[in-house]
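S.K.: Give me a 3D structure for the following:
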Amino acid sequence: MSDTSGKQGSKAGTRRRQVAALPWRVDAVAGLQILLVSSRETRRWVIPKGWPMKGKSNPQAAAQEAYEEAGLDGRIESRPVGEYPYLKRLKSGAARPVTVDVYPLEVTGEHATWPEKGQRTLQWMSPVEAALAVQEPELRDLIARFAKVELPAEERPAPRPAPTPMRVALTRLRRRITVLWGRRSRWS
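M.R.: Model (predicted):
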């Protein structure tokens with residue numbers, strides 16, 4: 001079910017869908033590498049992703065996100081390599097469950113400038129480094145499967161479920177109270 005903005009699952013409680021590019025290249029020395037970008041809000045490692053776009057197929061929208069977030073050009077696969085769930089944090093402080101379809105993008109070029117340059121950090125990593133750097137366990141496993149690598153058992157953290165919307169709200173409330181309490185004690 002799509003609403004007019006192209007976001008799927010517009011009813012409360014249903015899972016919306018996003019699209020993402022999994023940027024990769026083969027370096028003559030380093031071998032297979034995966035590019036991760038930092039998220040703007042939390043600065044955690046992610047892959048370029050966004051909402052489906054009107055007038056573009058899902059793979060085209062994923063490639064567009066790779067350009068906007070990381071300045072990448074390349075060949076995007078027409079079928080997703082997999083999907084992973086996460087909680088999208090909204091500006092209101094609420095969190096909404098989202099499923100992300102991931103399309104491999106063989107990177108053929110990198111631009112010197114792009115729309116979100118300066119807002120994110122980019123890093124080429126080995127598949128194992130990239131898999132261990134992302135927070136979402138399902139994305140970690142997806143990267144490892146794509147690259148056909150086995151993650152070291154001793155370095156593989158146990159999957160942690162994403163925080164519930166209530167946990168996110170309570171954490172933000174706790175931070176706000178702490179900030180306000182600090183301001184109050186300075187006034188005394």
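S.K.: Just give the strands next to whichever strand or helix holds residue 105 in its sheet, each with its orientation.
M.R.: Using DSSP states H and E, residue 105 sits within strand 95-110. Sheet pairing here is set by DSSP bridges, and for strand 95-110 it gives strand 16-27 (parallel), strand 72-76 (antiparallel), strand 82-89 (antiparallel).
S.K.: Would you mind pulling the contact partners of the helix or strand just after that strand?
M.R.: Once the chain leaves strand 95-110, the next helix or strand it forms, by DSSP H and E, is strand 122-125. For strand 122-125, contacts defined as C-beta atoms under 8 Å, 6 or more residues apart in numbering pick out 25, 27, 30, 33-38, 45, 70, 133. Quick note: C-beta positions are derived from backbone N, CA and C, even for glycine.
S.K.: could you point out the longest helix in this structure?
M.R.: For the chain, the helix that runs over the most residues, judged by DSSP state H, is helix 165-187.
S.K.: which strands and helices sit next to that helix?
M.R.: Where contact means 3 or more C-beta pairs under 8 Å, 6 or more residues apart in numbering; DSSP states H and E, helix 165-187 is packed against strand 82-89, strand 95-110.
S.K.: quick check: angle from it to strand 82-89?
M.R.: Angle of helix 165-187 versus strand 82-89, following axes from the mean of the first three to the mean of the last three C-alpha atoms, to 10 degrees, is 40 degrees.
S.K.: related to what we said a few turns ago, please flag which of the contacts of strand 122-125 sit within strands.
M.R.: 25, 27, 33-38, 45 (DSSP state E).
S.K.: quick one, the host helix or strand of residue 66 and strand 31-38 angle?
M.R.: Under the criterion of DSSP H and E, residue 66 resides in helix 58-70. Computed by the same axes, to 10 degrees, the angle separating helix 58-70 from strand 31-38 equals 70 degrees.
S.K.: Many thanks, have a good one.
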